[in-house]
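**Q** sequence and predicted structure below; questions after.
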Amino acid sequence: MNTPIPQFLLGVPEPSWLERVTFPAFISYGRLARRPLPRQLAVRCPVSVDSRGFTMLKNHGKWIVTPGEYVGWLRRHRERINLQWAAPQDWMCEPAIIHGGQWGRERFVGTGLSVAEHQSRTVANYLHLRDLAPELPFIPVLQGWHLEEYLTCVELYADAGIDLTALPLVGLGSVCRRQSTAEIGDIVTTLAALGLRLHGFGVKNLGLLRYGQYLASADSMAWSYAARREPPLTGCTTHKNCANCLTYATRWRTRLLTQLHRQAQPGPDIPTAGLDHWKEAA
């Protein structure tokens, strides 16, 4: 019997794409809210919304969109965009986000805070958004960098009265730009062993092939980055590359899903080494 594959949400760059695709889509709040939505927007697909936290903290070192503004926009447009769920205004824990500076070609302001403070603010924001708009489908997000930190974040939610195992989806943050697939795999399988239904934000293709059976869902915008390095598809004569091309994105998605189905072999038991010790200490 084949192992399950995660539901895949294709990252899309513009609200207009939501009228053109029927498969699950993932789009950032920044893309949605930067200008008024078309009056006759007719969304054909289930849509999940990213809060744009990475870009927010990278550029500003803090949130400049208030919870009230975020909630207000989602509340006004929930039905129009066919909202399935939305990420909270969480605080990523990548070293670049925290410490700032030049990382590769990108410049980070840096928050100057600790991982523990980022985790505390992440949990507090989820609770605040839920209080502001209990009717909106916000999902909690786990933040950390090392496995032990993610487990600590699970405890923070439990201390706040949130049973993550009872929720339909729990986001896994601070993984999309990490190079170590093996390390992320350990984090994913350990958290899945606790009974969490995980969404992987921006999980790399190799990661999906390696541990996708332990994720409930995942999203990716990697097709756009790949397209920038390639010539346009045959027939794509209006753009110099296909970084914003629906044809390219759809074909990329089809290839990925084909790979996932081919790789879906009976998997090993989810490793539980160390969990008993953690549960005793919790």
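**A** Now that the structure is in, tell me what you want to look at. Note that the structure is predicted; figures quoted are calculated from it, not measured.
**Q** might you report the residue contacts of the residue nearest to residue 250 when sequence neighbours are not counted?
**A** Leaving aside its chain neighbours, residue 250 sits nearest to residue 21 (7.4 Å; criterion: Cβ to Cβ, 6 or more residues apart in numbering). Yep, even glycine has a C-beta here, placed from its N, CA and C like the rest. Listed by Cβ atoms under 8 Å, 6 or more residues apart in numbering, the contact set of residue 21 reads 10, 12, 44-45, 246, 250.
**Q** quick one: residue 21 and residue 154, what's the gap?
**A** Distance of residue 21 to residue 154, computed by Cβ to Cβ, to the nearest Å: 34 Å.
**Q** quick one: which of the contacts of residue 21 is most hemmed in?
**A** Ranked by the number of neighbours (other Cβ atoms under 10 Å), those place residue 12 first, at 25 neighbours.
**Q** distance check, that one against residue 67.
**A** To residue 67, residue 12 is 25 Å away according to Cβ to Cβ.
**Q** can you check residue 111 too?
**A** For residue 111, the distance to residue 67 - Cβ to Cβ - is 18 Å.
**Q** higher neighbour count, those two?
**A** Taking other Cβ under 10 Å, residue 111 and residue 67 do not tie; residue 111 has more neighbours (21 against 16).
**Q** find me the pLDDT at the residue positioned nearest the centre of the chain, would you?
**A** In the chain, the residue lying closest to the centroid (Cα atoms, centre = their mean) is residue 201, at 2.4 Å. Confidence at residue 201, expressed as pLDDT, is 95.
**Q** check contacts around it.
**A** Here residue 201 is in contact with 50, 87, 141, 171-173, 175-176, 218-219 (Cβ under 8 Å, 6+ apart).
**Q** just the buried ones from those?
**A** Among the contacts of residue 201, those scoring as buried are 50, 87, 141, 171-173, 175-176, 218-219 (criterion: 16 or more other Cβ atoms under 10 Å).
**Q** take these and keep only those in strands.
**A** Of the buried ones among the contacts of residue 201, the ones assigned to strands by DSSP state E are 50, 141, 171-172, 218-219.
**Q** if we can go back for a sec, out of the contacts of residue 21, which is nearest to residue 81?
**A** For the contacts of residue 21, the minimum distance to residue 81 (Cβ to Cβ) is 9.7 Å, reached by residue 45.
**Q** was I right to think that closest one contacts residue 81?
**A** No. Assessed by Cβ atoms under 8 Å, residue 45 is found out of contact with residue 81, at 9.7 Å.
**Q** name the residues contacting each of those two.
**A** residue 18.
**Q** where does the prediction get shaky in the stretch 51-200 of the chain?
**A** 179 (pLDDT under 70).
**Q** make it 90
**A** Regions of the stretch 51-200 of the chain meeting the criterion pLDDT under 90 cover residues 103-105, 176-183.
**Q** sweet, I'm off.
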